Each structure stands twice: as C-alpha cells, then as structure tokens.
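In: Give the three-dimensional model of this entry:
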Amino acid sequence: MVSRIFTSGVDLSSGWYVLLFWKKRFILITAEGSLLVCHDASSPPSQLVLLQNSCEAIVEGKEILDLPKLPSGGGRDCCFALILPQNKYLLLLAETSADQWVNVLKKVKKVS
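Out: A predicted model of the protein is given here:
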C-alpha cells in the first residue's frame, strides 16, 4: 500500500560525477517507510531509500554547509538532505519551506 504524502519535489543528482544538476522528480513516501524517487507520476522508481535502514540522518538546509547553487527561486529553507551510508546523500529541494517535508520524513523514519 502506497501512501502519497507528498507528490513532487526537486532532487540533486549526486554520484561520482563532478557536474551536479537539479531535476524535477515525483516523490512518494510509502506507509512502510520507503522514499521513492520517480521521473514522473507514472514512472517506476529510479531510486529507493529505506528511511529506517538506509537513512542515517535527515538534515535541514540551514545545517548543510556545502550547499550547491540552488535553482532560481530555491532557498536554503526549502532544501534538505537524506544522509545515506558510504558518504552518499540525497539532496532535495521543496517548492516551499521544507519544514513539512522534514517533519513527515522524520515521523515516517521513526515509526517504520
């Protein structure tokens, strides 16, 4: 059963590449505590984060020291990161203040 808490956001592609860029993505949070990143509402997930097992921390934008350049209209208060194992992270940018995103993710991580 999938619980659609939030439907879209912008994520920063990260990996082994020097060049990082922002892309609009469809975000789903399941009742089981998984965060799924999809290209759009009808696409299968391109990334899965198990909030209970794979997410070490949820960090708000004001706490992120090396925040890359945000897209036009994006602010630090709209940004947050999921810290993953092996020094990896998923940087996300909400369309409005990230407080609601962060609170829901922390709640799902705690409950699942």
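In: Please make it C-alpha for all contacts and neighbour counts, starting now.
Out: OK.
In: Which residue lies nearest the spatial centre of the protein?
Out: Taking Cα atoms, centre = their mean, the centroid of the chain lies closest to Leu92, which sits 4.1 Å from it.
In: Now the phi/psi pair for that one, please.
Out: Phi and psi for Leu92, reported as degrees, to the nearest 10, are phi -120, psi 150.
In: Would you confirm that it contacts Arg76?
Out: No: using Cα atoms under 8 Å as the test, Leu92 is too far from Arg76 to be in contact (10.7 Å).
In: Low-confidence ranges, the protein, go.
Out: The chain contains residues with pLDDT under 70 at 1-21, 98-99, 112.
In: Now the longest strand anywhere in the chain: buried residues?
Out: In terms of residue count, the longest strand belonging to the chain (DSSP state E) is strand 22-29. Judged by neighbour count using 16 or more other Cα atoms under 10 Å, the buried positions of strand 22-29 are Trp22, Lys24, Arg25, Phe26, Ile27, Leu28, Ile29.
In: which non-adjacent residue is nearest Leu48?
Out: For Leu48, ignoring the flanking residues on the chain, the nearest one in space by Cα to Cα, 6 or more residues apart in numbering is Leu36 at 4.7 Å.
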